[in-house]
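Participant: Sharing a sequence plus its predicted fold:
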Amino acid sequence: MGVKLGILGLGTVGTGTVQLLQDLDGRHRLLREIEIHRVGVRSLELSRGVELAKNVLITDLDAIVNDPAIDIVVELIGGLEPARSLILKAIENGKHVVTANKAAIARFGDEIFTAANQAGVYVMLEAAVGGGIPVIQPLKQSLSVNRIHTVTGIVNGTTNYILTRMQTEGSNFNDVLADAQKLGYAEADPTADVDGLDAADKIAILASLAFGCRINLQDVYCEGIRQVSKTDIVYADKLGFVIKLLAIAKRITPSTPPSLSIRVHPTLLPKEHPLASINGVYNAILVEGEPLKQVMFFGPGAGAGATASAVCSDILNLVAALKTSTATPNPLLSCAHQDYCQIVPMAELITRFYVRFLTKDHPGVIGKLGTCFGKYGVSLESIVQTGFEGELAEIVVVTHDVPEGNFRQALAEIQALEAIESIPSLLRVL
Ligand SMILES: NC(=O)C1=CN([C@@H]2O[C@H](COP(=O)(O)OP(=O)(O)OC[C@H]3O[C@@H](n4cnc5c(N)ncnc54)[C@H](OP(=O)(O)O)[C@@H]3O)[C@@H](O)[C@H]2O)C=CC1
Ligand SMILES: N[C@@H](CC=O)C(=O)O
Ligand code: NA
């Protein structure tokens, strides 16, 4: 007997998923066991990029998660509600779930996975991080024998696309964002992309899998790319860096559960770093651990086809599980984390900084900056007066590694100096 799907949502990812499942030549033979039983949408009036049999497309999403004929619910509507309630209802009704919804998983993962474990069903989320890149399943399975110490990723396609075009074409932020929306990369509300919230959801999910614990999303430090200017992109380039929105989770103590540093912010990345050449909508996730050392996953992080590949790989895993059904759940497919990680405050983060000052063109300004930094133990890697903006001199500083708290104290004192007009940019350096 076939495996019946109830798909919630027929937008970018839903359409890509249906297209893939309707075009099976050359793909895994188990996909032939799947029947698209129902697809739920908001409006029946919209023209769709796929053809579906009569009565498959409906607007009653509750009817899908309550339909006894459906084996797997594929949630592709996005957002928090009604996605959360529909996922929980599907679980309660004994259905396996596939979702691409990092926002819901990062916030309600605890509730959703607890319910799934109690009901003996799986919740699969390969598409939620890195779009088409297989990274969730490798973290759960092939990499889980390693002791992972750092996960560093470019995990938002929209912002990487914007930063790449700002860098290579000198394009304007708003024009490029509009293109990313047209291409189907951006979230329904692109604020989630631009302000780093989507990347924060994703690093919380990756950290949870890599370090075997749950993450409180409010503990993830998050800065987006709105303050990244063309000026800084040019200075970074001259200094040997590119600017990328990085999501970083690092194990600080080896305890169980470990304490972690976890953050999302635009970062100056040395041009020779493996993540520096990841451009456009591509994502990459660098996982470092022992004994493997480094492995990097690279591929398209958003878009209909790429994301559909991840969704369908989860569906395929579930079809295989249904075909070989045993009473005991497969621990490599389920999620059993219970404890929350301790998150280290940002003031304790050790990092380098890039900072751009606009100063009055007084003699001795550079000396005063150096003195203030020195007082708080901030040692400087480079300090250059790069040019003038009208009457004001522009000074760019790159520090050595320093506790963020010390750096902030020095900066507060510098800000109060009479010669300092403003501090237009402050970015961390990897
Ligand atoms: N776009 C991408 O590249 C990627 C997206 N994702 C995730 O995939 C999910 C879907 O994203 P995407 O396809 O881009 O979103 P879209 O906005 O393109 O599509 C959403 C779909 O869900 C339907 N829908 C939304 N709310 C409701 C509701 N309340 N009741 C009924 N139907 C509803 C819409 O119906 P209608 O068509 O009638 O309006 C639409 O078909 C999100 O969680 C997103 O974060 C993950 C990786 C990549
Ligand atoms: N909006 C997201 C889509 C995939 O998760 C992105 O731009 O990466
Ligand atoms: Na993925």
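Facilitator: Yes, it's here. Ligands and ions are numbered 1, 2, ... in the order given.
Participant: can you tell me the helix or strand for whichever residue of the stretch 201-350 of the chain sits closest to ligand 3?
Facilitator: Proximity of the stretch 201-350 of the chain to ligand 3 (C-beta to the ion) peaks at residue 310, 4.4 Å away. In short, each C-beta sits where N, CA and C put it, glycine included. Following DSSP states H and E, one finds residue 310 within helix 304-323.
Participant: In that helix, which residues are buried?
Facilitator: The neighbour-count check on helix 304-323 (16 or more other C-beta atoms under 10 Å) flags 304-319, 321-322 as buried.
Participant: Beyond it, next helix or strand please.
Facilitator: Next along from helix 304-323, by DSSP H and E: strand 342-343.
Participant: Give me the contacts around that following strand.
Facilitator: By C-beta atoms under 8 Å, 6 or more residues apart in numbering, the residues outside strand 342-343 that reach it are 215, 216, 219, 220, 253, 257, 258, 259, 260, 261, 262.
Participant: restrict those residues to those near ligand 1?
Facilitator: Here nothing survives when those are matched to ligand 1 using C-beta under 6 Å from any ligand atom.
Participant: Just the buried residues of the residues you listed.
Facilitator: Buried members of the contacts of strand 342-343, scored by 16+ other C-beta under 10 Å, are 215, 219, 220, 257, 258, 259, 260, 261, 262.
Participant: quick one, phi/psi of the last one?
Facilitator: When you say that, I think you mean residue 262. In terms of degrees, to the nearest 10, the main-chain angles of residue 262 are phi -140, psi 130.
Participant: so does stretch 157-170 get close to ligand 1?
Facilitator: No: Stretch 157-170 lies out of reach of ligand 1 by C-beta under 6 Å from any ligand atom, never closer than 6.7 Å.
Participant: quick one: is that stretch near ligand 2?
Facilitator: Yes: for stretch 157-170 and ligand 2, the contact criterion (C-beta under 6 Å from any ligand atom) is met by 157, 158.
Participant: What does residue 265 show for phi and psi?
Facilitator: The phi/psi pair for residue 265 (degrees, to the nearest 10) is phi -160, psi 160.
Participant: so where's the stretch 301-430 of the chain uncertain?
Facilitator: Scanning the stretch 301-430 of the chain for pLDDT under 70 picks out the ranges 325.
Participant: and it, which residues reach ligand 3?
Facilitator: By C-beta under 5 Å from the ion, the residues of the stretch 301-430 of the chain that approach ligand 3 are residue 310.
Participant: What residues does the stretch 301-430 of the chain have near ligand 1?
Facilitator: Applying C-beta under 6 Å from any ligand atom, one finds that the stretch 301-430 of the chain approaches ligand 1 through 302, 303, 307.
Participant: mind redoing it with 5 Å?
Facilitator: Taking C-beta under 5 Å from any ligand atom as the criterion, the stretch 301-430 of the chain approaches ligand 1 at residues 302, 307.
Participant: List the buried residues in stretch 404-419.
Facilitator: For stretch 404-419, a neighbour-count test (16+ other C-beta under 10 Å) marks 404, 406, 407, 408, 409, 410, 411, 414, 417, 419 as buried.
Participant: Sitting in strands, which of these do you find?
Facilitator: Of the buried residues of stretch 404-419, none are assigned to strands by DSSP state E.
Participant: Tell me how far residue 397 lies from ligand 3.
Facilitator: Separation of residue 397 from ligand 3 (C-beta to the ion, to the nearest Å): 38 Å.
Participant: If you could redo that for residue 63, that was the one I meant.
Facilitator: Counting by C-beta to the ion, the gap from residue 63 to ligand 3 is 29 Å.
Participant: Next, give phi and psi for that residue.
Facilitator: Phi and psi for residue 63, reported as degrees, to the nearest 10, are phi -60, psi -30.
Participant: now it, nearest residue through space, not along the chain?
Facilitator: With sequence-adjacent residues excluded and distances taken as C-beta to C-beta, 6 or more residues apart in numbering, residue 63 is closest to residue 38, at 7.6 Å.
Participant: go on, residue 298?
Facilitator: Residue 298 sits nearest to residue 284 (C-beta to C-beta, 6+ apart), 4.3 Å away.
Participant: check contacts around residue 386.
Facilitator: By C-beta under 8 Å, 6+ apart, the contact set of residue 386 is 235, 238, 394, 395, 396.
Participant: Which of those fall within helices?
Facilitator: 235, 238 (DSSP state H).
Participant: Highest neighbour count among the contacts of residue 386?
Facilitator: Compared across those, residue 235 has the highest neighbour count, 23 neighbours, by other C-beta atoms under 10 Å.
Participant: before we move on, what SS does the residue of the chain most remote from its centre have?
Facilitator: Distance from the centre of the chain peaks at residue 363, with 45.4 Å (C-alpha atoms, centre = their mean). What DSSP: H, G, I helix; E, B strand; the rest coil gives for residue 363 is coil.
Participant: same check, this time on the one 5 residues further on
Facilitator: The three-state label given to residue 368 by three-state DSSP is helix.
Participant: contacting residues around the residue of the stretch 201-350 of the chain closest to ligand 3?
Facilitator: Counting by C-beta under 8 Å, 6+ apart, residue 310 touches 100, 126, 127, 130, 131, 132, 133, 134.
Participant: just these that are near ligand 3?
Facilitator: For ligand 3, the contacts drawn from these by C-beta under 5 Å from the ion are 126, 130, 133.
Participant: Pull out the buried positions in the helix or strand harbouring the residue nearest to residue 298.
Facilitator: Using DSSP H and E, residue 284 maps to strand 282-290. The neighbour-count check on strand 282-290 (16+ other C-beta under 10 Å) flags 282, 283, 284, 285, 286, 287, 288, 289 as buried.
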